[in-house]
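K.L.:
Mind looking at a prediction? Sequence and model below.
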Amino acid sequence: MLPRLNGSLMNNMKNRIIVGAALIAGIALMLLGPESVPYSIVSLVIGFAIVVLTSEPMVEGLREFGTDMGFSPHVTGIISSLASNLPEGVMTAFMVLSPELREVAILTVMLASAFNGLLLGVLVVMLTYKGGAIVMPKEVMEQDIEIMRIAIALCGIVFGAGVILNLFSTGNAAYLPIEVPIFLLIAFASYLYFISRRQAQNEHEGAEDGYPHAPEAHGRGWLAPVLLGLVGIVIAAELISGSSEYLVHMLDLHVVIAATVIGFAGSVPEHGIALIGARKGHVELGVSNLLSGITQSIMLIFPLLALIVPVHLDGYVIYQFLAIAATLWIVKKSIVDDNRLTLDEGISILIIHTLGILLFDELSILI
């Protein structure tokens with residue numbers, strides 16, 4: 001027993017040393033690295049390595065945090081998604097302040113919804129390709145389905161308004177009305193309110209049944225891995241997005257291609273914890289992380305940016321509203337029909353999101 005315990009401690013110590021070395025290397029590259037193609041490639045590699053090394057302890061820390069606070073795995077997944085989207089929000093907020101990067105930042109945020117849907121399809125296929133299904137309890141998914149319906153309706157309305165504004169703008173550029181981001185934020189705030197209200201109601205019902213769900217004090221062992229994961233996500237997002245942005249600039253890529261590259265580089269590391277968590281058995285946390293990520297991009301981050309700078313309703317932005325509405329409908333329908341996600345539905349989600357991204361990139365040739 002003692003040798004096994006010593007071996008476990010040695011492995012933990014070794015892992016901490018490796019993670020620490022990767023974080024130090026990442027910080028050094030951020031502060032000291034010159035802007036060059038070799039530097040950008042190394043930064044990309046180090047960034048993805050940091051994601052892999054820090055995601056697993058962060059998932060475990062979030063799971064322990066949810067248990068200590070009395071949260072369900074679903075609510076914990078929503079919290080992890082908010083934490084994952086934090087670096088993306090900060091990064092794009094800085095980008096919109098630069099006029100030449102403004103449209104790239106807006107499109108990057110909107111594309112993040114598509115990439116989260118793509119990752120959801122990958123997760124479903126990964127967990128069901130040997131058979132079986134991911135069960136999604138109706139009572140757990142009720143609020144998520146509702147926010148998807150609202151997002152689909154709002155995106156459809158904005159798409160229609162954007163087409164009409166462009167048709168009758170008489171040569172003037174059409175911009176997103178200020179009411180749109182305000183209503184998107186109100187809808188998302190309502191979603192968070194009802195999620196928290198349901199959590200409190202479940203705890204109250206559990207207490208009445210004699211099975212209290214009040215959080216139990218288990219210490220703060222989750223704090224260090226969660227902080228480590230957040231720091232890792234911030235460093236990785238900075239390395240990957242900065243390097244991608246530099247490579248895009250050096251290659252003189254179109255704004256659509258640039259947004260696609262940066263959106264992919266930003267979404268994968270931030271929500272990679274969902275895939276890693278699902279492989280570790282935390283399926284509900286992983287699915288909830290990605291489902292929340294799909295709606296958070298368009299219902300939270302996008303409207304916050306739209307309040308900072310005006311959003312030009314050009315063909316790229318209008319298409320994204322249509323694509324988000326269509327792909328969200330596919331995800332919602334896959335869940336609502338039988339409260340399960342199966343292999344065929346995972347493949348459908350994967351195909352429709354991939355097609356949406358590819359067709360968006362085709363617009364760079366035409367517009």
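P.N.:
The structure has been received and is ready for your questions.

K.L.:
which residues touch F264?
P.N.:
By CB atoms under 8 Å, 6 or more residues apart in numbering, the residues touching F264 are L111, F115. Every C-beta, even on glycine, is put in place using the N, C-alpha and C of the backbone.

K.L.:
in which helix or strand would I find it?
P.N.:
Using DSSP states H and E, F264 falls within helix 255-279.

K.L.:
Would you state the helices of the stretch 251-367 of the chain in chain order?
P.N.:
255-279, 283-296, 302-308, 315-336, 343-366 (DSSP state H, counting those that start in this stretch).

K.L.:
Just name whatever secondary elements the second one is in contact with.
P.N.:
So that's helix 283-296. The helices and strands touching helix 283-296, judged by 3 or more CB pairs under 8 Å, 6 or more residues apart in numbering; DSSP states H and E, are helix 37-69, helix 73-96, helix 102-128, helix 138-167, helix 179-208, helix 255-279, helix 315-336.

K.L.:
Could you take the ones you listed and lay them out as CSV, with extra columns for distance to N289 and mean pLDDT?
P.N.:
Below are the helices and strands packed on helix 283-296 laid out as CSV (distance: least, CB to CB, whole Å; pLDDT from 0 to 100):
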stretch, distance to N289, mean pLDDT
helix 37-69, 9, 75
helix 73-96, 4, 71
helix 102-128, 9, 85
helix 138-167, 12, 87
helix 179-208, 14, 78
helix 255-279, 4, 72
helix 315-336, 14, 89
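
K.L.:
Out of those helices, which gets nearest to I351?
P.N.:
helix 102-128 (7.7 Å; CB to CB).

K.L.:
and the closest one, how far out from the chain's middle?
P.N.:
7 Å (CA atoms, centre = their mean, to the nearest Å).

K.L.:
Hey, what's the angle from it to helix 138-167? Just curious.
P.N.:
On the basis of axes from the mean of the first three to the mean of the last three CA atoms, to 10 degrees, helix 102-128 is oriented at 150 degrees to helix 138-167.

K.L.:
Taking helix 283-296 as reference, get the angle to helix 102-128.
P.N.:
160 degrees.

K.L.:
Of all the residues in helix 102-128, which ones are buried?
P.N.:
Buried residues in helix 102-128, counted by 16 or more other CB atoms under 10 Å: 102-125, 127-128.

K.L.:
returning to what we had before: so for M299, which of the helices and strands packed on helix 283-296 sits nearest?
P.N.:
So among the helices and strands packed on helix 283-296, helix 179-208 is nearest, using CB to CB, at 4.1 Å.

K.L.:
per-residue confidence for the spatially most central residue of the chain?
P.N.:
In the chain, the C-alpha nearest the mean C-alpha coordinate belongs to G293, at 3.7 Å (CA atoms, centre = their mean). G293 is assigned a pLDDT of 81 by the prediction.

K.L.:
surely it meets A114?
P.N.:
No: counting by CB atoms under 8 Å, G293 sits too far from A114 to count as a contact (10.8 Å).

K.L.:
List the residues that contact L304.
P.N.:
G89, A93, P181, L185.

K.L.:
So it versus A224, what's the distance?
P.N.:
Distance from L304 to A224, counting by CB to CB, to the nearest Å: 30 Å.

K.L.:
before we move on, what about S98?
P.N.:
36 Å.

K.L.:
Then F94?
P.N.:
28 Å.

K.L.:
And for the closest residue to A325 other than its chain neighbours, the neighbour number?
P.N.:
Here the nearest residue to A325 in space, its sequence neighbours aside, is C155; by CB to CB, 6 or more residues apart in numbering that works out to 3.9 Å. When neighbours are counted by other CB atoms under 10 Å, C155 registers 26.

K.L.:
swap in the one 4 residues further on?
P.N.:
By the other CB under 10 Å criterion, the neighbourhood of F159 contains 21 residues.

K.L.:
From V309, how far off is it?
P.N.:
Looking at F159 against V309, where the rule is CB to CB, the gap reads 20 Å.

K.L.:
got it, and I365?
P.N.:
Applying CB to CB, the value for I365 to V309 is 27 Å.

K.L.:
F71 too?
P.N.:
F71 is 35 Å from V309, by CB to CB.

K.L.:
which one of the two has more residues nearby?
P.N.:
F71 (21 against 15).

K.L.:
Now name the helix or strand holding that one.
P.N.:
Assigned by DSSP H and E, F71 belongs to neither a helix nor a strand.

K.L.:
Which among the contacts of L304 count as buried?
P.N.:
Judged by 16+ other CB under 10 Å, buried ones among the contacts of L304: G89, A93, P181, L185.

K.L.:
Most widely separated two among these?
P.N.:
Top of the distance list for these (CB to CB): A93 and L185, 15.0 Å.

K.L.:
Who are the contact partners of L31?
P.N.:
Residues near L31 by CB under 8 Å, 6+ apart: none.

K.L.:
what helix or strand is it on?
P.N.:
Here L31 is assigned to helix 2-32, by DSSP H and E.

K.L.:
Quick check: the closest residue to M95 other than its chain neighbours vs T295, distance?
P.N.:
Leaving aside its sequence neighbours, M95 sits nearest to A105 (CB to CB, 6+ apart; 3.6 Å). With distances taken as CB to CB, A105 is found 19 Å from T295.

K.L.:
Count residues in the vicinity of Y319, would you?
P.N.:
Y319, neighbours per other CB under 10 Å, totals 21.

K.L.:
I misspoke; the intended subject was D337.
P.N.:
D337, neighbours per other CB under 10 Å, totals 9.

K.L.:
E245 against I262, yeah?
P.N.:
Yes: with contact defined as CB under 8 Å, E245 reaches I262; the gap is 6.1 Å.

K.L.:
re earlier: of all the helices and strands packed on helix 283-296, which one comes closest to L239?
P.N.:
L239 lies closest to helix 37-69 among the helices and strands packed on helix 283-296, at 3.6 Å (CB to CB).
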